[in-house]
Each structure stands twice: as structure tokens, then as C-alpha cells.
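Undergrad: Predicted model and sequence follow; I will ask about them next.
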Amino acid sequence: MSKPSTPNTIDIAGQPAIINYVPELGAFRGKFLGLTGYCDFVSDSIQGLKNEGEISLREYLEDCSAAGIEPYVRQEKVKTFTLRYPESFGERLNQAAAEHETSVNTFIIETLNERMKHA
């Protein structure tokens, strides 16, 4: 069984790209995902997207190599730790995260990150 694909995506040379139709161009535009920079391509057909995507990706990788730039986004490992706090703090933490329309985990990470900027 093949793995399900994400709508409007295509795999070119092992690299996923999101595809959108651009009415002003009368063509499809693809943008590679998972790269450290911007790399796109345009065509009016699926085969054209594959061809143009391969060219664009190859040129992007060559440019990165020449400039000494890492072309791919590296997935950072996620670490965990146990945090002990009073129950009343947990209630305030939940409220603060809700006010910022984010999860408690994201709120804690963003708060720590902001605090470490000043450390």
C-alpha cells in the first residue's frame, strides 16, 4: 500500500514541494519544502513541474554548495524534562497559555526562550 499524499504536493528528486495554481500566470507554481532557502519553479503541466522542479532544485543545491550554505532544514531533536510546580502555578500557567492562544508547552518554551535572550 502506498503512503497517502498531502493535497497539492509533489515529490521531485526525493524532495517534497507544495503546488499552487497561479491564475495571473495561467500556470502552476511549486515551492520546495524543508529547505533553508527559497526554491520555486513554474510550469503549465505536471510533467513540466517535474522537469522545472529538478532543474530548480539542482541549481539551488549547486548555489548552496558554492556558498557553503546548508541546503536542508535540520530537524532538531526534542528533549523532555520533568517540571515540578505548585498546583496553583499550574492553574495560572493554563490561563496564561490560553490568553496567548497557545499550548502550555509552547507557552513555556517561548517564555524560556525570551528569558534566555536576556541571560
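TA: Looks like it came in fine. Residues are numbered from 1 along each chain as shown.
Undergrad: which outside residues touch the longest strand anywhere in the chain?
TA: Secondary structure of the chain read by DSSP state E shows that its longest strand is strand 15-22. The contact list for strand 15-22 (Cβ atoms under 8 Å, 6 or more residues apart in numbering) reads 6, 8-11, 27-35, 41-42, 49, 53, 57. To be clear about C-beta, it is placed using only N, CA and C from the backbone, and glycine gets the same treatment.
Undergrad: Kindly report the same for stretch 24-36.
TA: 9-10, 12, 15-22, 38-45, 49, 52-53, 56-57, 60, 64, 69-73.
Undergrad: Just the buried subset of the contacts of strand 15-22, please.
TA: 10, 28-30, 32, 35, 41, 49, 53, 57 (16 or more other Cβ atoms under 10 Å).
Undergrad: which two in those residues are spaced the farthest apart?
TA: Spatial extent of the buried ones among the contacts of strand 15-22 (Cβ to Cβ) is set by the pair 28 and 35 at 18.6 Å.
Undergrad: Give the residue spans of the chain that score low on pLDDT.
TA: Residue ranges of the chain with pLDDT under 70: 1-7.
Undergrad: how does it divide into domains?
TA: 9-67, 87-117 (automatic domain parsing).
Undergrad: Look up how far residue 27 lies from residue 109.
TA: Residue 109 sits 40 Å away from residue 27, going by Cβ to Cβ, to the nearest Å.
Undergrad: That should have said residue 93, apologies.
TA: Note on residue 93: its distance to residue 27, by Cβ to Cβ, is 49 Å.
Undergrad: Show me what the lengthiest helix in the chain is packed up against.
TA: Scanning the chain for the helix with the most residues, using DSSP state H, yields helix 46-67. Secondary-structure packing of helix 46-67 (3 or more Cβ pairs under 8 Å, 6 or more residues apart in numbering; DSSP states H and E): strand 9-12, strand 15-22, strand 27-32, strand 40-43.
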